[in-house]
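1. sequence below, structure please.
(one chain, ligands or ions: 2)
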Amino acid sequence: MGLLEELAAKQIERRDFVKFCAAVSAVFGMPKAFAKDIAFAAEAATKKPAVIWLEGQDCAGCSESFLATLNPSLAELLLGTISLRYHETVMAGAGAVAEEARLKTMEEGGYVLVVEGSIPAADDRFCTVGGKSFKEVLTETAKNAAVIIAAGSCATFNGGIPGASPSKGRGVAYFIKDKPIINLPTCPVKPARLVATIMYYLASGKAPAMDKLNRPLAFYGELLHDNCPRRGQFEAGHFLQDWNDPAQRDYCLLLKGCKGPKTYTDCAKVWWNEGANWCIGAGAPCAGCSQPEFYGGFSPLYDKQDIFNGVGKSVNIDTAGKALVGVAAVGAVVHGAGRLVLGNKDKK
Ligand code: SF4
Ligand code: SF4
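-> Ligands and ions are numbered 1, 2, ... in the order given. Down below sits the predicted model:
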C-alpha cells in the first residue's frame, strides 16, 4: 500500500500531510520546496529505511510520549511508514523472535537507530537484554546504522536521571564515537522533534544543522530564559517565594530552582501536548532537562540558582532583583542580564 492509500485508510487527509511536511521543512529553515522532498522521502520510506528502537535504562517515557502524542495519526503513520523493525515495548514478537528481527535488520544495514534510555558506565550488569549487556547490544546495533538518534535526556549527555544513580548511566555519545549522533534531549523527548528529525533525515540523507552538543539548532538554538513569558518579572526583580501567595502566581521562578537561564530549548515557544501547556506555564520551574547537567548537576530541582547561594537564607529579593536590573543597565542590554549575572557560559 502506498503512502497516500495509507493516509486515506487512516483517515488522514493528504492536505494535512502536506501541511505537516511544510512544517518540517520550515522548522529546519529549509525553503518551501523542500516540503515536496520530505513528502517523496516519506513515500519512498514505505519500503525503507528500517528503524531499530533500543531501550536501555529508561522508564519507556519517551516511547510513551511518542506513541501517545495527541497527533497519533502521524506517529502511527510514520512508525508504519518507516518500518519499525524492533521496539521492545510495542513489538508483537518477543524473545528469540524479536532478537532475530533486530539481527536481520542489522545485516541489511543503513537503518535509523533510535536509542531511548541510558547505558550503565559503572557496571554492565545494571542493564542486560537477553543476557547481553546493553552496552554490547548498542555497540553492535550501532555498527551498521546510517544515523543514530539519541531520544530523551537519559540517552544523551550524562544519562539524565539514571546518570545520577549508582549505575552511572551515560548517553549514547559516551560509548559510540564513530557515528553521527543526533541528540534530542528533554525528559521525555518531544514527539514532534523526533518525527521532524526522522523526516528531515529521510529527505536529505543528513543530520540537520546542530550546535556543539549535537542538538538540532531548530529546537535548541535559543535560551529558554530569553523567550520566557515571566522574563518581565525577572527584569523587575519579582521572584516567587511563596507558592501560596496568589499575588506571586506569575512571578519569576528563579528562586524556586528555574534552570531557564542555562537551558537551550524552544519550550517557551512550542508547548507540550500539542500546545496544551509547559513546565513554567504550569507554575513549575524549568528543570533544565535539555542540558548536560540534568539531572544530577541540577538537583535538587526546586533549589534556588547558584547566584543566590552565597547570599544566604535571608536574601532580600527586592535588592537581589534590583541588582539584576542594575547589571542589565550597566550592560546597556537588559536582554543579556540574566546570562551575565548567572554566568551562563555554556552557550551553544
Ligand atoms: S528564571 Fe525561569 S521563570 Fe524566570 S524568566 Fe527565566 S526562564 Fe522564566
Ligand atoms: S521547560 Fe525545561 S524542564 Fe520543562 S521540558 Fe522544557 S527544558 Fe525540560
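
2. residues contacting Glu55?
-> Residues near Glu55 by C-beta atoms under 8 Å, 6 or more residues apart in numbering: 63, 87-89, 116-117. (C-beta placed from N, C-alpha, C; glycine too.)

3. farthest pair in these?
-> Comparing every pair within those by C-beta to C-beta identifies His87 and Gly117 as the most remote, at 12.3 Å.

4. when these two are compared, which one has more neighbours?
-> Between His87 and Gly117, Gly117 has the larger neighbour count (other C-beta atoms under 10 Å), namely 28 against 22.

5. what pLDDT does that one get?
-> We have a pLDDT of 98 for Gly117.

6. relative to Asp226, how far out is it?
-> Noted for Gly117: a distance of 31 Å to Asp226, by C-beta to C-beta, to the nearest Å.

7. how about Glu100?
-> Distance, Glu100 to Asp226, by C-beta to C-beta: 49 Å.

8. looking at the two, which one has more neighbours?
-> Between Glu100 and Asp226, counted using other C-beta under 10 Å, Asp226 has the larger neighbour count: 15 against 12.

9. what's the helix or strand for the more buried one?
-> helix 224-227 (DSSP states H and E).

10. which single residue in this protein comes nearest to ligand 1?
-> The minimum distance from the chain to ligand 1, using C-beta to the nearest ligand atom, falls at Gly260 (2.2 Å).

11. hang on, the earlier thing: would you mark the buried spots in the helix holding Asp226?
-> If you call a residue buried by 16 or more other C-beta atoms under 10 Å, then helix 224-227 has these buried ones: 224-225.

12. next structured bit after it?
-> The first helix or strand that comes after helix 224-227 along the chain, using DSSP H and E, is helix 231-236.

13. right, is that next one up against ligand 1?
-> Yes. Counting by C-beta under 6 Å from any ligand atom, ligand 1 has neighbours in helix 231-236: 231, 234.

14. then that helix to CSV, C-alphas only?
-> Provided in CSV are the C-alpha atoms of helix 231-236 (Å, rounded to 0.1, in the frame of the first residue of the first chain):
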residue,chain,number,x,y,z
ARG,A,231,11.0,37.4,31.8
GLY,A,232,9.5,40.8,32.6
GLN,A,233,9.0,39.7,36.2
PHE,A,234,12.7,38.6,36.3
GLU,A,235,13.8,42.1,35.0
ALA,A,236,11.5,43.7,37.5
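
15. next one: that helix, is it in contact with ligand 2?
-> No. On the criterion C-beta under 6 Å from any ligand atom, helix 231-236 is out of touch with ligand 2, staying 13.6 Å away.

16. in that helix, what's buried?
-> For helix 231-236, the neighbour count (16+ other C-beta under 10 Å) marks 231, 233-235 as buried.

17. can I get these in JSON lines including pLDDT and distance to Gly281?
-> Converted to JSON lines, the buried residues of helix 231-236 look like this (pLDDT from 0 to 100; distance: C-beta to C-beta, whole Å):
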{"residue": "Arg231", "pLDDT": "96", "distance to Gly281": "13"}
{"residue": "Gln233", "pLDDT": "96", "distance to Gly281": "14"}
{"residue": "Phe234", "pLDDT": "92", "distance to Gly281": "16"}
{"residue": "Glu235", "pLDDT": "92", "distance to Gly281": "19"}
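
18. how about the residues of the protein near ligand 2?
-> Neighbours of ligand 2 within the chain, by C-beta under 6 Å from any ligand atom: 186, 263, 265, 267, 278-280, 286-290.

19. of those residues, keep whichever come out buried.
-> Using 16+ other C-beta under 10 Å as the burial test, those include 186, 263, 265, 267, 278-280, 286-290 as buried.

20. okay, these in JSON lines with pLDDT next?
-> JSON lines is the format used below for those (pLDDT from 0 to 100):
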{"residue": "Thr186", "pLDDT": "97"}
{"residue": "Thr263", "pLDDT": "96"}
{"residue": "Thr265", "pLDDT": "97"}
{"residue": "Cys267", "pLDDT": "96"}
{"residue": "Trp278", "pLDDT": "96"}
{"residue": "Cys279", "pLDDT": "97"}
{"residue": "Ile280", "pLDDT": "98"}
{"residue": "Cys286", "pLDDT": "97"}
{"residue": "Ala287", "pLDDT": "97"}
{"residue": "Gly288", "pLDDT": "97"}
{"residue": "Cys289", "pLDDT": "98"}
{"residue": "Ser290", "pLDDT": "98"}
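
21. just these now: which is nearest Phe219?
-> Using C-beta to C-beta, Thr265 is the member of those that lies nearest Phe219, at 6.9 Å.
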